[in-house]
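Engineer: requesting a structural model of the entry that follows:
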Amino acid sequence: MGASTARPRSEYMIALGLAAGPVVALGFTRFAYALLLPSMRSELDWTYAAAGGLNTANALGYIIGAGSGAWWSRRFGAGRSFVIGIVISALALLGSGLTSDFTALSILRFVGGLSTAVTFVVGSALASRIHTGGRQQRSAALVGVYMAGVGIGVVISGVVVPAALTAWGASGWQAGWLLMGLLALLAVGPAAWAVKAVPPAPSAGPAKGSSSLRKMTPAFIWYVLFGAGYVSYMTFVIALLRDQGMGTWSTAGFFIVLGGASALATLLVWGRVIGRLRGGRAPALVSGVVLVGVLPVLLFDGAVAAIVSAVVFGAGFMAGPTAITVLARRMLPQHAWTSGIAWLTVAFSVGQAVGPLISGILSDSEGGIAKGLWLSVILLLVSAVASLFQRETKPAPEPRAVATGGAK
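Structural biologist: Next up is the predicted model:
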């Protein structure tokens with residue numbers, strides 16, 4: 001086989017290696033909490049507001065990590081920051097299985113949120129650099145492969161956590177955290193291999209990305225609202241299904257279907273679709289799909305509604321970060337990709353911090369969890385409208401690249 005076929009294949013293998021980052025950062029550290037929440041809430045006697053507050057601690061760490069992601073990349077190198085973030089996330093997961101103290105768990109969730117954001121932001125920039133040619137659709141597809149790691153992580157946690165809850169009973173939530181921590185350590189190997197194969201970044205020229213970033217204001221607004229809307233569902237949907245009478249393995253099946261739909265849609269569909277859409281049309285489409293995915297469990301009880309919700313919501317929710325990463329790649333000069341993605345992720349994490357807290361408070365009031373989850377529907381609808389105001393412009397010409405020794 002010639003270079004023309006070997007190179008695309010090697011690019012996809014690099015993206016798959018980088019996908020180990022979101023497996024740990026979001027699939028384990030972020031979203032598996034939804035599976036563990038009912039058991040933790042029952043054994044530790046939490047309110048829904050307290051449960052949402054723990055996720056808010058995670059999101060606050062995420063805000064700081066996202067805001068400082070570009071600094072970590074400059075200070076320690078993109079590849080090193082990416083791998084270290086995975087290691088810290090793994091340690092936070094392990095620590096979460098060793099304590100039942102609310103304050104200690106909040107601190108661990110905060111630390112996990114910070115390391116998760118650094119991993120995700122830097123990894124998104126690394127994935128954007130795998131293919132630096134003019135083929136936008138291939139670049140979008142490679143970013144999609146990276147984002148598919150989230151769905152893969154959700155599937156893995158959907159197997160591991162229920163198995164722990166079944167085997168260890170009331171203390172199974174602790175075993176679930178510990179098992180995910182051990183699996184996270186195994187993810188360090190492929191991640192470390194992948195970062196060495198990413199092409200070097202260009203030298204940082206004069207700061208020319210700020211004006212382009214201001215032109216992305218509608219995208220910032222969309223990302224805040226989208227983050228708040230989708231994460232409220234992800235935090236409390238398992239608790240809703242348990243209230244509707246579904247058991248541990250039934251909700252696990254829901255989670256596995258959701259993660260599988262996410263991985264397949266991100267790998268096979270969204271990269272190509274987003275590569276063809278311009279401006280804010282891709283984010284608006286994503287919000288619409290995710291909104292439709294929330295509705296079945298709010299309008300109907302039972303396994304059929306849950307599976308439909310899992311398929312539709314799962315197919316759409318990780319297309320949001322894919323869409324915003326591709327948009328940033330198109331509108332910002334290459335040397336500003338990491339900082340641009342970082343600031344956009346700050347907006348995303350602000351929404352993720354506020355959404356579960358408000359949804360949790362609403363869930364504690366009359367109307368229960370469903371009332372809290374209707375917040376997701378409203379936020380996703382408004383986010384879709386805001387996104388349509390985004391127009392796409394080309395970045396300023398990039399200064400000539402100077403090799404700096406890869407992605408270390």
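Engineer: so how far is stretch 311-328 from its chain's centroid?
Structural biologist: Centre-to-centre, stretch 311-328 and its host chain are 9 Å apart (CA atoms, centre = their mean, to the nearest Å).
Engineer: same thing with stretch 42-49?
Structural biologist: Per CA atoms, centre = their mean, the displacement of stretch 42-49 from the mean C-alpha position of its chain is 25 Å.
Engineer: next: stretch 56-65.
Structural biologist: Its chain's C-alpha centre and that of stretch 56-65 lie 13 Å apart, by CA atoms, centre = their mean.
Engineer: now tell me what touches it from outside.
Structural biologist: Outside of stretch 56-65, the residues within contact range by CB atoms under 8 Å, 6 or more residues apart in numbering are 29-30, 33, 85, 106-107, 109-118, 121, 231, 345-346, 349-350, 352-354, 356-357. Any C-beta I mention is one placed from the backbone N, CA and C, and that applies to glycine too.
Engineer: in helices only, show me the residues you listed.
Structural biologist: Mapping the contacts of stretch 56-65 onto helices (DSSP state H) picks out 33, 85, 106-107, 109-118, 121, 231, 345-346, 349-350, 352-354, 356-357.
Engineer: just the buried ones among the residues you listed, please.
Structural biologist: Buried by 16 or more other CB atoms under 10 Å: 33, 85, 106-107, 109-118, 121, 231, 345-346, 349-350, 352-354, 356-357, out of those.
Engineer: could you list the buried residues of stretch 174-190?
Structural biologist: Of all the residues in stretch 174-190, those buried under the rule 16+ other CB under 10 Å are 174-181, 183-185, 187-188, 190.
Engineer: hmm, I was thinking of stretch 294-302
Structural biologist: 294-298.
Engineer: just the element for residue 143, please.
Structural biologist: According to DSSP states H and E, residue 143 maps onto helix 136-168.
Engineer: so what does whichever helix or strand comes after that helix touch, helix or strand wise?
Structural biologist: Sequence-wise, the next helix or strand downstream of helix 136-168 (DSSP H and E) is helix 172-186. Judged by 3 or more CB pairs under 8 Å, 6 or more residues apart in numbering; DSSP states H and E, the packing partners of helix 172-186 are helix 33-44, helix 78-96, helix 136-168.
Engineer: list of residues touching helix 172-186?
Structural biologist: For helix 172-186, the surrounding residues in contact (CB under 8 Å, 6+ apart) are 24, 28-29, 32, 35-36, 39-40, 43, 86-87, 89-98, 100, 156-157, 160-161, 164-168.
Engineer: just how off-centre is it within its chain?
Structural biologist: Computed by CA atoms, centre = their mean, the chain-centroid distance of helix 172-186 equals 19 Å.
Engineer: next, the angle from that helix to helix 136-168.
Structural biologist: Inter-element angle recorded for helix 172-186 and helix 136-168: 140 degrees (by axes from the mean of the first three to the mean of the last three CA atoms, to 10 degrees).
Engineer: same question for helix 172-186, mean pLDDT?
Structural biologist: Averaging pLDDT along helix 172-186 yields 96.
Engineer: show me the contact partners of the following helix or strand past it.
Structural biologist: Counting by DSSP H and E, the next helix or strand C-terminal to helix 172-186 is helix 188-197. Residues outside helix 188-197 that contact it (CB under 8 Å, 6+ apart): 10, 14-18, 20-21, 78-80, 82-83, 86-87, 90, 126, 406-408.
Engineer: mind redoing it with 10 Å?
Structural biologist: 10-11, 13-21, 23-24, 77-87, 90, 119, 122-123, 126-127, 130, 146, 149, 406-408 (CB atoms under 10 Å, 6 or more residues apart in numbering).
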